[in-house]
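Peer 1: coordinates for the following, if possible.
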Amino acid sequence: MRVATWNINGMRARLDYLLIWLGDRRPDLVALQELKLEDERFPHAELEAAGYHAVSHGQKAWNGVAVLAREPLTVEQSGLPGQEELGARLITAAAGDLRLTSLYCPNGKHTGHEDYPRKLAWFDSLADHLEATAAAGTAAVVAGDFNICPTPLDSWNEKALTGSIFHTGEERQRFRRLLDLGLTDAWRSLHPDRQAFSWWDYRAGGFHRDQGLRIDFLLASPSVADRLRGAEIDRDYRKKKEGLIASDHAPVWIDLTE
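Peer 2: Next up, the predicted model:
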């Protein structure tokens, strides 16, 4: 079973690109972020033709999350309780025996911006929500764009960027709290010493210079972590395909034993 996450940076701009990737990589479950469209404009028909059921929690022009699956989906949560003002940033759905949460976590802009404490509060609410809704033995993955570099290894230039947005001790503390709930950073657990990134700025040749950040994660519950057999950042899908422009994020996926 392959479970993936991808900030596609606009469903309307990236639908054809997404369909190419789905046909090539054939994931079983996908968490998508930054849809930038309302639920009524979500392309269910195109995704069904590609073999995927889908549920979404969207809004006009900003944010938006979705879950795709080869099996029918049941929505368990739409929106992070108490954090509705920050937009459509969470959806949880179950497919078969696996529960997948797609997150688009707030960016925070910079540490002096009013959005920064809002980001920290959002993460506090997320941890509270996940703790309250966790069930022992449940196969669950919490996936998405977390907008945090958890460790110096996850940044192309920790020395210059430490203390700046994505690199603060306060943000990293919030990420550690999620792991303390019993979740495993799946990619890092299989690549403990590897430096690789999932996001590169469009500007200044960031991708070609490999000046990126690892900010996209699949956090696995214990029963899922026990089934891990592979994890990759799909860097090839940060490149143009058939003349189509990629997102500034690469997909990240994990493979599980059945």
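Peer 1: if I look at the closest residue to G87 other than its chain neighbours, how far off is G144?
Peer 2: Across the structure, with Cβ to Cβ, 6 or more residues apart in numbering as the measure, the residue nearest G87 apart from its sequence neighbours is N63 (4.0 Å). C-betas here are computed from N, CA, C, even on glycine. From N63 across to G144, the span is 11 Å (Cβ to Cβ, to the nearest Å).
Peer 1: distance from the stretch of helix or strand A231 belongs to to the middle of the chain?
Peer 2: Secondary structure assigned from DSSP states H and E places A231 in strand 228-233. Distance, stretch centre to chain centre, for strand 228-233: 15 Å (Cα atoms, centre = their mean, to the nearest Å).
Peer 1: so what secondary structure elements neighbour it?
Peer 2: On a contact count with 3 or more Cβ pairs under 8 Å, 6 or more residues apart in numbering; DSSP states H and E, strand 228-233 meets helix 186-190, strand 216-220, strand 252-256.
Peer 1: residues in contact with whichever helix or strand comes after the first one?
Peer 2: When you say that, I think you mean helix 186-190. The element immediately downstream of helix 186-190 (helix or strand, assigned by DSSP H and E) is strand 199-200. Contacting residues not belonging to strand 199-200 are listed as 7, 145, 206-207, 210-216, 238, 248-250 [Cβ atoms under 8 Å, 6 or more residues apart in numbering].
Peer 1: how far is strand 199-200 from where the chain is centred?
Peer 2: So, by Cα atoms, centre = their mean, the centroid of strand 199-200 is 13 Å from its chain's centroid.
Peer 1: begin at 21 from here
Peer 2: Yes, from this point I'll number from 21; that puts the last item at strand 219-220.
Peer 1: now do that strand, average pLDDT.
Peer 2: pLDDT averaged over strand 219-220 equals 98, rounded to a whole number.
Peer 1: do the same with stretch 258-277
Peer 2: The predicted model gives stretch 258-277 an average pLDDT of 98.
Peer 1: how about it: buried residues?
Peer 2: If you call a residue buried by 16 or more other Cβ atoms under 10 Å, then stretch 258-277 has these buried ones: 258, 266-276.
Peer 1: repeat for stretch 176-189
Peer 2: For stretch 176-189, the buried set under the neighbour-count rule, 16+ other Cβ under 10 Å, comprises 176, 181, 185-188.
Peer 1: now swap in stretch 205-224 and tell me
Peer 2: Taking 16+ other Cβ under 10 Å as the basis for neighbour counts, the residues of stretch 205-224 that come out buried are 205-208, 210, 216-220.
Peer 1: ok, now stretch 75-82?
Peer 2: By neighbour count, and taking 16+ other Cβ under 10 Å as the criterion, the buried residues in stretch 75-82 are 75-79.
Peer 1: what about it, how long is it end to end?
Peer 2: Counting by Cα to Cα, to the nearest Å, you get 17 Å between the two ends of stretch 75-82.
Peer 1: ok, and what's touching it?
Peer 2: For stretch 75-82, contacts defined as Cβ under 8 Å, 6+ apart pick out 55-59, 61-62, 84-87, 93, 95, 98-99, 107-108, 110-111, 113.
Peer 1: which of those fall within strands?
Peer 2: 85-87, 95, 98, 110-111, 113 (DSSP state E).
Peer 1: Throw those into CSV and include distance to T153, neighbour count and pLDDT, thanks.
Peer 2: Supplementary listing: these in CSV, determined by distance: Cβ to Cβ, whole Å; neighbours: other Cβ atoms under 10 Å; pLDDT from 0 to 100:
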residue, distance to T153, neighbour count, pLDDT
V85, 16, 30, 99
A86, 19, 25, 99
V87, 16, 26, 99
V95, 13, 13, 98
S98, 13, 15, 98
L110, 11, 28, 98
I111, 13, 29, 98
A113, 13, 27, 98
